[in-house]
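In: Dropping the sequence and predicted coords here.
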Amino acid sequence: MNDFPDDLERRCPRLGSPVRFGYCRLLAADGRVCPKILDCWWERFDVAALMRRSLSEEDFASLAEGRPPNKVASLIDLIRQARDRHRR
Ligand code: SF4
């Protein structure tokens, strides 16, 4: 059983379209948590507690600090998101 509210939906400020929490938690097939996940979901449920439980201490600290991803990673992420949108 999945302990995550993956079916919850909201409008993504980056994509401009609705996304489910499951997408934010595991961006597409990449398996990475979106760096905006705490900002985007805190009003809906205790996303910080959930992420703290599910990530390593180091990964959660990085997420909580809101470290920006490096530029190459961001660019690759944007390209992948655009590609995924075209496939739908
Ligand atoms: S967490 Fe990331 S993918 Fe999810 S809605 Fe926010 S910006 Fe979009």
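Out: In hand now; what should we look at?

In: The longest helix seen in the chain and the ligand, are they touching?
Out: Using DSSP state H, we find that the single longest helix of the chain is helix 71-87. No. Judged by CB under 6 Å from any ligand atom, helix 71-87 stays clear of the ligand, getting no closer than 8.4 Å. C-beta: built from backbone N, CA, C; applies to glycine.

In: Give me the buried positions along that helix.
Out: Neighbour-count burial for helix 71-87 flags Asp77 (criterion: 16 or more other CB atoms under 10 Å).

In: now swap in stretch 9-25 and tell me
Out: Buried residues in stretch 9-25 (16+ other CB under 10 Å): 12, 19, 21, 23-25.

In: quick one: which of those residues sit in strands?
Out: If you go by DSSP state E, those have Val19 in strands.

In: now, which of the buried residues of stretch 9-25 lie close to the ligand?
Out: Checking these against the ligand by CB under 6 Å from any ligand atom, the ones in range are 12, 19, 23-24.

In: This structure: helices as residue ranges?
Out: Remark: helices assigned in the chain by DSSP H are 21-25, 37-41, 47-54, 57-65, 71-87.

In: Can you give the distance of the worst-scoring helix or strand of the chain on mean pLDDT from its chain's centre?
Out: When the helices and strands of the chain are scored by mean pLDDT, DSSP states H and E, helix 71-87 comes last with a mean of 75. Centroid displacement of helix 71-87 relative to its chain, using CA atoms, centre = their mean, to the nearest Å, is 14 Å.

In: With stretch 14-24 instead?
Out: From the chain centre to the centre of stretch 14-24 is a distance of 8 Å (CA atoms, centre = their mean).

In: which parts of the chain sit against the ligand?
Out: The chain comes close to the ligand at residues 10, 12-15, 19, 23-24, 34, 36-37, 40, as judged by CB under 6 Å from any ligand atom.

In: Torsion angles phi and psi at the nearest residue to Arg85 once chain neighbours are set aside?
Out: For Arg85, ignoring the flanking residues on the chain, the nearest one in space by CB to CB, 6 or more residues apart in numbering is Leu15 at 7.1 Å. In terms of degrees, to the nearest 10, the main-chain angles of Leu15 are phi -90, psi -20.

In: was I right about Leu15 contacting Arg80?
Out: No. Taking CB atoms under 8 Å as the definition, Leu15 is not a contact partner of Arg80, at 11.3 Å.
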